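[1] Sequence and predicted structure below; questions after.
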Amino acid sequence: RVHRGDWETPDLLVMGYVSEWSDVVQATFELAGLPTWLVLEPTEDPSAVEAWLLGDGLSGAIWPSGVDSPWVRDYGPLQVHEGDRLIWLDGEYDRQRTRDDDFSSDLGAALGVEVESLPLILDGGAIISNGRGLCVTTAGAALTSGPSGLEASLPQLGCPVMVVIAPLRLELTGHVDLFAQFLGPDLLALAQADPVELPEDAAELERAAAVILAAAASMGQPLPLVRLPLGRTASGFYTAFANSLQLPRHVLVPTYADAPAGLEARAFAVLAAAVPNKEIVPVPVDPIASRGGGVHCVIVGLSAASA
């Protein structure tokens, strides 16, 4: 059993829709070329969203049961391959958000995908995988799950090796996908902070690089790193360039209205060299960042068929 790599081309997308970031949703629709579900916050009017879709010529479906929040990456299913079988894992989520918590099992039933219950609290943004058995999470996520609970669940998660690293110091979710992402089975993008501007984050990210590379080497998996510049915007957001989304022919990368000068150009140049077969597409994410997330947090790519 192996945890699915986020770089793997999905069969469909699920996007958390909030009218404030409709530009992100529209860009994804236009570039993905994949079947797409929209999940709407309770404050959104489904009829208005349907009219928007029709008016812009976008082909998508609205999830009929509704959800409590747009963070579909976190309450959506974790995915594993077991031979030719595709299995979705439905972990525990916020019990105050019952529709979010029910989403994975309900969507799996609707699409005919096998769903297993995962007796663990582990948000989708709290784990990354190279699709070859190497997984990474943060100390914050591991504590939420309980160290013993996480270790006991590694076989079910399809993670023979789980590396636990420190989260970003000033980021509240503690999610690893805000600063690290596998761009392929043998390529990791990891943030790199200025040791003068962000000394604690800089030190922890270098420690993270060392332990991840050591884990990969222990598995006989060479793992080149590319480093994405990490800073703080004038509004106080981390520049989470690793929180990108791979589509079949494009990579959606966050941009920020008040990012430090030159930071975005450097990040885009690194990603363009690392993924030369895909177009790097800038996506303004300030409305999402103001609520604590990024493009990878509100969109999840899903496999929906066994091999």
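    Structure's in. What do you need?

[2] Which stretches in the stretch 1-150 of the chain count as strands?
    Secondary structure of the stretch 1-150 of the chain (DSSP state E, counting those that start in this stretch): strands at 2-3, 12-17, 36-40, 61-62, 78-82, 85-92, 114-121, 128-129, 134-138.

[3] Which of these sits closest to residue 270?
    Closest approach to residue 270 among the strands of the stretch 1-150 of the chain is made by strand 128-129 (17.5 Å; C-beta to C-beta). For the C-beta atoms, the positions are set from N, CA and C on the backbone; glycine is no exception.

[4] Give me the pLDDT for residue 202.
    Turning to residue 202, the model gives it a pLDDT of 98.

[5] what about it, how many neighbours?
    Other residues near residue 202 come to 17 when the count uses other C-beta atoms under 10 Å.

[6] State the helix or strand in which it lies.
    Using DSSP states H and E, residue 202 maps to helix 199-218.

[7] now do residue 283
    Here residue 283 is assigned to strand 279-284, by DSSP H and E.

[8] Mean confidence (pLDDT) on the helix or strand just after that strand, please.
    Using DSSP H and E, the helix or strand that follows strand 279-284 towards the C-terminus is helix 286-289. For helix 286-289, mean pLDDT is 95.

[9] I'd like to check what contacts stretch 97-106. Which residues are they?
    39, 63, 65-69, 71-72, 75-77, 88-95, 115 (C-beta atoms under 8 Å, 6 or more residues apart in numbering).

[10] Where does pLDDT dip in this protein?
    In the predicted model, the chain carries pLDDT under 70 at residues 306-307.

[11] The same query, at a cut-off of 90, please.
    Counting by pLDDT under 90, the chain shows low-confidence ranges at 6, 9, 54-60, 65-66, 92-96, 140-149, 304-307.

[12] on that earlier part again, from the middle of its chain, how far away would the helix holding residue 202 be?
    20 Å (C-alpha atoms, centre = their mean, to the nearest Å).

[13] now for that helix, which elements pack on it?
    strand 134-138, strand 161-165, strand 187-193, strand 225-230 (3 or more C-beta pairs under 8 Å, 6 or more residues apart in numbering; DSSP states H and E).

[14] one more time with 6 Å, if that's ok
    If you count contacts as 3 or more C-beta pairs under 6 Å, 6 or more residues apart in numbering; DSSP states H and E, helix 199-218 packs onto strand 161-165, strand 187-193.

[15] Quickly run through the sheet partners of the last one, with directions.
    The one in question is strand 187-193. strand 180-184 (antiparallel), strand 225-230 (parallel) (DSSP bridges).

[16] tell me the most buried of these?
    With neighbours taken as mean count of other C-beta atoms under 10 Å, those reach their highest mean count in strand 180-184, at a mean of 23.
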